[in-house]
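Participant: Here you go, sequence then predicted model.
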Amino acid sequence: MIVSEKNVSDALSYLADDPHPIALARHALTMAENHSREAYANCFLRAVGSVEARKATAEVDEDYVTVKAEEAEAVKEYERHRSRVKAAEMLLEIWRSEQANVRAAERIR
């Protein structure tokens, strides 16, 4: 068999976590996006000059760049958990197929 009982147990445990890591990652991502918008607005308000100059100044502001990096990390973490959920679901589907094959082989005997 390709999938061990431990693999199945681990996948089920991961999918059953409450609050689920993907929910926590989505929350962190939303908070990072909100913080990013707030930081941009603050940088924009501090800047002087024309609207375009203020936008450019805000986008290169050190605080805003730092917040955008944090947002990128939150996206990475969210996508990592989405990938893990897909992998766990795929593993369970493989296990189910294996079990069906075992039952079918037993009926043939």
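Facilitator: Yep, that arrived. Numbering: from 1, shown residues only.
Participant: And the residue nearest the centre of the protein?
Facilitator: Geometric centre of the chain, nearest residue: Tyr78, 1.2 Å, by Cα atoms, centre = their mean.
Participant: tell me which element it is part of?
Facilitator: helix 62-108 (DSSP states H and E).
Participant: Met1: how many residues sit nearby?
Facilitator: Neighbour count for Met1, taken as other Cβ atoms under 10 Å: 11. For every residue, glycine as well, the C-beta is placed using N, CA and C.
Participant: now swap in the one 5 residues further on and tell me
Facilitator: Counted with other Cβ under 10 Å, residues neighbouring Lys6 total 8.
Participant: Distance of it relative to Val48?
Facilitator: Going from Lys6 to Val48 by Cβ to Cβ, to the nearest Å gives 62 Å.
Participant: Report the rounded mean pLDDT for the helix holding Tyr78.
Facilitator: Here helix 62-108 scores 96 as its mean pLDDT.
Participant: Right, I'll leave it there.
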